[in-house]
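Q: dropping the sequence and predicted coords here.
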Amino acid sequence: MKKTTDILIIGAGPSGMVAAGYLNQHNISIQVVEKQKFPRFTIGESLIPRCMDNFEEAGLLDILKSRKYQKKYGARFIKKDKVAEFDFSKKFGIGWDWTWQVPRADFDYSLAREIESRGVDISYNTKVISVNRSNELWTVDLVNQAGNTSTIQCKFIIDASGNGRVLAKQLDLEAPPKVDGHSSIFTHIKEESRPQGKEGELITFEIIDHETWFWYIPFSDGTTSLGFVGPDFWIDQFSESTEVSFGEMLKETSYYQERFDHYDFLFTPVKLRNIAKNVTTTHGEGFVLTGNSAEFLDPVFSSGVAFATESGLLAAKLSLRQLRGVKVNWDLEYAEYINRGVEVFSTYVKEWYSGKLQDIFFFPEQDPAIKEQICSVLAGYVWDKSNPFVRNHARRLKNLHQLIKPKKIL
């Protein structure tokens with residue numbers, strides 16, 4: 001079987017569905033291929049407010065609101081007896097002051113069903129075998145779960161395949177990550193006696209040491225996501241069995257120690273090694289990479305879905321313009337723009353693991369204006385150059401740490 005379409009979108013996660021939602025509004029033919037069958041589990045369960053702008057522009061916000069996910073109004077960081085909280089309503093500048101914590105199986109499936117309801121075809125259980133470009137057209141060979149092969153010809157490819165990294169592998173674009181050497185292990189529980197109020201609603205990061213931390217993400221259905229991120233050697237020091245090792249890791253927490261001991265895991269804890277990813281280029285003749293198919297930094301500030309939706313929406317806008325005959329400067333309008341945001345978050349992630357940002361978070365004499373500016377970064381507004389902690393992110397953090405260093409409480 002052979003089909004033709006203007007734009008092929010690889011991947012039906014948030015990045016691909018935001019791209020599809022935008023393009024579907026502009027009367028252009030699109031086809032989506034997805035290697036898995038939905039609903040399916042994936043990680044990346046805590047959003048940040050910048051995502052909301054992107055869902056809204058793609059026409060997907062109303063369907064998500066109807067799902068009544070756990071609202072996320074900020075984030076809490078705990079280190080021994082110290083607590084730092086960030087309230088998105090007290091951030092610098094304009095923008096959304098809340099978002100969601102979501103079970104991704106339901107979240108992604110809701111987005112995909114909405115896109116299908118608009119007449120967009122999504123081919124599930126369909127894997128890309130090869131891609132070839134000739135005469136300004138891509139020929140993409142596919143195979144489904146039954147082993148049946150097919151071919152799609154298209155003018156443009158948006159690779160939103162996430163961790164599948166289809167074009168990065170097909171076109172040999174893999175590159176060393178900006179932040180490396182970290183692994184993650186995670187699972188879910190059904191929290192039958194969850195505390196009321198903020199204690200049972202707010203995403204919390206507990207720092208075990210400056211490079212190792214634990215996450216607690218409660219969902220509105222009573223399910224809770226638990227996970228650890230740390231250097232490979234820290235993750236590897238525990239038992240080979242991920243179920244046993246996760247229990248051993250929970251004993252390393254202070255704030256959450258023993259709270260989850262009587263709960264069964266809803267699935268055997270999953271271990272992911274070398275979680276950061278990168279590519280040599282995010283675009284080329286007739287293609288663009290979005291979200292995790294291009295780069296993933298680290299889960300510490302929940303930036304993954306924000307970059308996925310930001311890049312998916314921008315990729316859709318620019319590819320549409322190009323197909324309509326408008327010249328697009330992909331280096332300037334796509335790569336430079338996305339990289340500007342990535343570089344801001346990269347600085348914060350690196351300084352988190354250096355310990356400097358943790359010193360800033362837990363400093364007892366915080367300047368409210370500075371906290372608002374940093375909060376805006378944590379909310380995902382990393383392209384707002386009016387924010388000094390965006391515009392001069394590396395220098396501002398360095399200078400701030402130097403200022404508090406003589407007075408910090410260890």
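A: Yep, it's here. Note that the structure is predicted; figures quoted are calculated from it, not measured.
Q: show me the contacts for the residue sitting nearest the centre point of the chain.
A: Closest to where the C-alpha atoms of the chain average out (C-alpha atoms, centre = their mean) is Gly304, at 1.5 Å. Gly304 sits next to Gly44, Gly291, Asn292, Phe296, Leu297 when contact means C-beta atoms under 8 Å, 6 or more residues apart in numbering. To be clear about C-beta, it is placed using only N, CA and C from the backbone, and glycine gets the same treatment.
Q: repeat for Thr268
A: With C-beta under 8 Å, 6+ apart, Thr268 has these contacts: Thr187, Thr242, Glu243.
Q: can you tell me the closest non-neighbouring residue to Phe361?
A: Closest residue to Phe361 in three dimensions, ignoring its sequence neighbours and counting by C-beta to C-beta, 6 or more residues apart in numbering: Ala84, at 4.1 Å.
Q: can you map out the strands along the stretch 1-150 of the chain?
A: 2-10, 30-33, 70-72, 74-79, 82-87, 99-101, 121-123, 126-134, 137-144, 149-159 (DSSP state E, counting those that start in this stretch).
Q: part of a helix, is Phe214?
A: No - assignment of Phe214 by DSSP: H, G, I helix; E, B strand; the rest coil gives strand, placing it outside any helix.
Q: and it, how far is that from Gly230?
A: Distance from Phe214 to Gly230, counting by C-beta to C-beta, to the nearest Å: 9 Å.
Q: just to revisit the earlier point, the contacts of Gly304 in helices, which ones?
A: Among those, DSSP state H puts none in helices.
Q: quick check, nearest of those to Ser29?
A: Each of the contacts of Gly304 was scored against Ser29 by C-beta to C-beta, and Gly291 proved nearest at 22.4 Å.
Q: residues touching the closest one, list them.
A: Contacts of Gly291 (C-beta under 8 Å, 6+ apart): Gly13, Pro14, Ser15, Ala160, Gly162, Gly304, Phe307, Ala308, Thr309, Ser311, Gly312.
Q: the residues you listed in strands, which ones?
A: Among those, DSSP state E puts none in strands.
Q: closest to Arg194 out of these?
A: Distances from Arg194 to those, taken by C-beta to C-beta, are shortest for Gly304, at 24.9 Å.
Q: how close does the closest one get to Ile28?
A: 27 Å.
Q: next one: Phe265
A: From Phe265 to Ile28 the distance is 44 Å (C-beta to C-beta).
Q: what do you get for Ile48?
A: 29 Å.
Q: between those two, tell me which one has more neighbours.
A: Ile48 (25 against 18; other C-beta atoms under 10 Å).
Q: find the nearest non-adjacent residue to Lys35, please.
A: Nearest non-adjacent residue to Lys35 (C-beta to C-beta, 6+ apart): Lys127, at 4.6 Å.
Q: OK, contacts around that neighbour?
A: The contact partners of Lys127, taken as C-beta under 8 Å, 6+ apart, are Val33, Lys35, Leu142, Val143, Asn144.
Q: are any of the residues you listed buried, and which?
A: Buried members of the contacts of Lys127, scored by 16 or more other C-beta atoms under 10 Å, are Val33, Lys35, Leu142.
Q: those into CSV, with extra columns for distance to Asp180 and pLDDT?
A: CSV is the format used below for the buried ones among the contacts of Lys127 (distance: C-beta to C-beta, whole Å; pLDDT from 0 to 100):
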residue, distance to Asp180, pLDDT
Val33, 30, 98
Lys35, 26, 97
Leu142, 32, 98
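Q: part of a helix, is Leu357?
A: Yes - according to three-state DSSP, Leu357 belongs to a helix.
Q: ok, it touching Thr347?
A: No - between Leu357 and Thr347 there is no contact, the gap being 9.0 Å when judged by C-beta atoms under 8 Å.
Q: show me where the chain has helices.
A: According to DSSP H, the helices that the chain contains are 14-24, 50-57, 61-65, 104-117, 166-170, 232-236, 242-250, 304-323, 330, 337-354, 356-361, 368-378, 388-391, 393-404.
Q: any idea which of those gets closest to Leu202?
A: That would be helix 368-378 among the helices of the chain, by C-beta to C-beta, at 13.3 Å.
Q: who touches both of Phe214 and Gly230?
A: With C-beta under 8 Å, 6+ apart as the test, Phe214 and Gly230 both reach Ile208.
Q: would you mind finding the most buried of the helices of the chain?
A: When the helices of the chain are scored by mean count of other C-beta atoms under 10 Å, the highest mean neighbour count falls to helix 14-24 (a mean of 29).
Q: who are the packing partners of it?
A: strand 2-10, strand 30-33, helix 50-57, helix 104-117, helix 304-323 (3 or more C-beta pairs under 8 Å, 6 or more residues apart in numbering; DSSP states H and E).
Q: any chance of those in CSV, plus distance to Asn339?
A: Listed next are the helices and strands packed on helix 14-24 as CSV, based on distance: least, C-beta to C-beta, whole Å:
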stretch, distance to Asn339
strand 2-10, 22
strand 30-33, 26
helix 50-57, 16
helix 104-117, 26
helix 304-323, 10
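Q: out of these, which comes closest to Ile207?
A: helix 304-323 (20.0 Å).
Q: just how off-centre is the following helix or strand past the closest one within its chain?
A: Next along the chain after helix 304-323, taking DSSP states H and E as the criterion, comes helix 330. Centroid displacement of helix 330 relative to its chain, using C-alpha atoms, centre = their mean, to the nearest Å, is 22 Å.
Q: just to revisit the earlier point, how near is the residue nearest to Phe361 to Asn135?
A: From Ala84 to Asn135 the distance is 57 Å (C-beta to C-beta).
Q: domain-wise, how is this protein divided?
A: As given by automatic domain parsing, the domain ranges for the chain are 2-70+99-176+276-340, 182-272, 354-407.
Q: endpoints of the longest one, how far apart?
A: Which is domain 2-70+99-176+276-340. Counting by C-alpha to C-alpha, to the nearest Å, you get 39 Å between the two ends of domain 2-70+99-176+276-340.
Q: likewise stretch 76-95?
A: 20 Å.
Q: model confidence over it, on average?
A: The average pLDDT within stretch 76-95 is 96.
Q: how about it: buried residues?
A: Arg76, Phe77, Ile78, Lys79, Ala84, Glu85, Phe86, Phe88, Lys91, Phe92, Gly95.
Q: fine by me, thanks again.
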